[in-house]
Each structure stands twice: as structure tokens, then as C-alpha cells.
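Asks: Pasting a predicted model and its sequence here:
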Amino acid sequence: MNVVVNATALVAAPSIAVAGPSEDARLLDIEARIWELYELAHQHDDEISKLHCHCVDQLKSLSETRPDMDSKQRWDFITQTPESKEHTRLVTLTDPYHDQIEALVREMWPIRARTAEGRRAKFEVLIACCMGPDWERNDKDADWDAMMARSLLLEFIGGKEGEELRQRFAA
């Protein structure tokens, strides 16, 4: 999913001195729906990954054992295998969930987070749905740039929400 996100919406300070939890109710509702869809969208990830690896291995093997085939012929051959067809079927099953998540992220982003809980919700959606698995690694395993950006975002979240997230990513 390639969603362009306005990072300033994530960290914008509340425009009033004290924001109440109900002010971010819509953000939290959208976040809850995203996680429901996220679970459905990723329910076949293990099998999809295994099938992908199997197809890649088959493609490499064909490259070595069938030099008479060009790359398009090898690809066409692989796409006709049961493993490739099953991979395509499972990916196709998840596409509607990913599309719905993307629509919800687009709906969520213009809503200004007014509390640490609202900023936390946007942060978690950003990390899991927009930035990808590299951003979810703990600090020990994360790339330096991802770790620094994540650290700054956690500082902007602040409060117990930011500290709880910071502990989750600690090595």
C-alpha cells in the first residue's frame, strides 16, 4: 500500500489548552476498524510468503536447468503452476481488505489528533500500514534512519502513550 502521509497532521499540537479524550473519538473509531481489516488482510501472510518463496526457487531452478527458455517463458511456466495460482488466489482474497484500509487511512489523516491517544493511533497506523515491516523492528534491529524518525514521532506523541510505545520498540 503506497499512501502518502502528511506527517505534520500526525504531530500537530492541539489548538486548545486541554483536549478531552472524546475529541479523538473519530480517530480511535477509524483505528479500531483498520485493525479489524488488518487482521483479515494479513490472515494468509504465512502461506503467501511460503508460496512466493517456492515460486522464486522454481524460477531460479528453471534458469539453471532450462537455458533454452527466455525469462518470459520461464515466468509464464511458473505462473501456470498450482503454487503460483494459489499465491495469486490468496493475494486476490486480501486485496479488498487492503483497499479498505487505504481508504480509512486517507479518511484518518486529515483529522487532527488532539490528544496523545489520538497521536498514538495515527502513529501505530503509520508504522504498520504505511511504513512497512522495517519500521516495526525493535531499536536493536532497526535501521538508524527509521529508529531516529520513530524516536522523534514518539517524542511528539508524549505522555504515557508515547512511553509505552517507546518501551515496545526498546531492544
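Replies: Ah, there it is. Residues are numbered from 1 along each chain as shown.
Asks: what residue ranges in the protein score low on pLDDT?
Replies: The model of the chain has pLDDT under 70 over residues 1-21, 171.
Asks: residue with max distance from the center of it?
Replies: Largest separation from the mean C-alpha position in the chain: residue 68, at 40.3 Å (Cα atoms, centre = their mean).
Asks: so who does it touch?
Replies: Neighbouring residues of residue 68 by Cβ atoms under 8 Å, 6 or more residues apart in numbering: there are none. Placement of C-beta: from N, CA and C, glycine included.
Asks: which helices and strands does the longest helix anywhere in the chain pack with?
Replies: For the chain, the longest helix by residue count, based on DSSP state H, is helix 82-108. Using 3 or more Cβ pairs under 8 Å, 6 or more residues apart in numbering; DSSP states H and E, the elements in contact with helix 82-108 are helix 25-41, helix 45-65, helix 71-79, helix 116-125.
Asks: Mind doing that once more with 7 Å?
Replies: Here helix 82-108 touches helix 25-41, helix 45-65, helix 116-125, going by 3 or more Cβ pairs under 7 Å, 6 or more residues apart in numbering; DSSP states H and E.
Asks: and residue 143, which of the ones you listed is closest to it?
Replies: helix 116-125 (17.8 Å; Cβ to Cβ).
Asks: any idea how far that closest one is from the chain center?
Replies: Relative to its chain's centre, helix 116-125 lies at 14 Å (Cα atoms, centre = their mean, to the nearest Å).
Asks: Only C-alpha atoms, please: export that helix in PDB.
Replies: The C-alpha coordinates for helix 116-125 follow below in PDB (Å, rounded to 0.1, in the frame of the first residue of the first chain):
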ATOM      1  CA  ALA A 116      -1.600  11.700  23.000                       C
ATOM      2  CA  GLU A 117      -4.100   8.800  22.400                       C
ATOM      3  CA  GLY A 118      -5.100  10.300  19.000                       C
ATOM      4  CA  ARG A 119      -1.400  10.800  18.000                       C
ATOM      5  CA  ARG A 120      -0.700   7.300  19.200                       C
ATOM      6  CA  ALA A 121      -3.400   5.900  17.000                       C
ATOM      7  CA  LYS A 122      -2.100   7.700  13.900                       C
ATOM      8  CA  PHE A 123       1.500   6.700  14.800                       C
ATOM      9  CA  GLU A 124       0.600   3.000  15.000                       C
ATOM     10  CA  VAL A 125      -1.400   3.100  11.700                       C
END
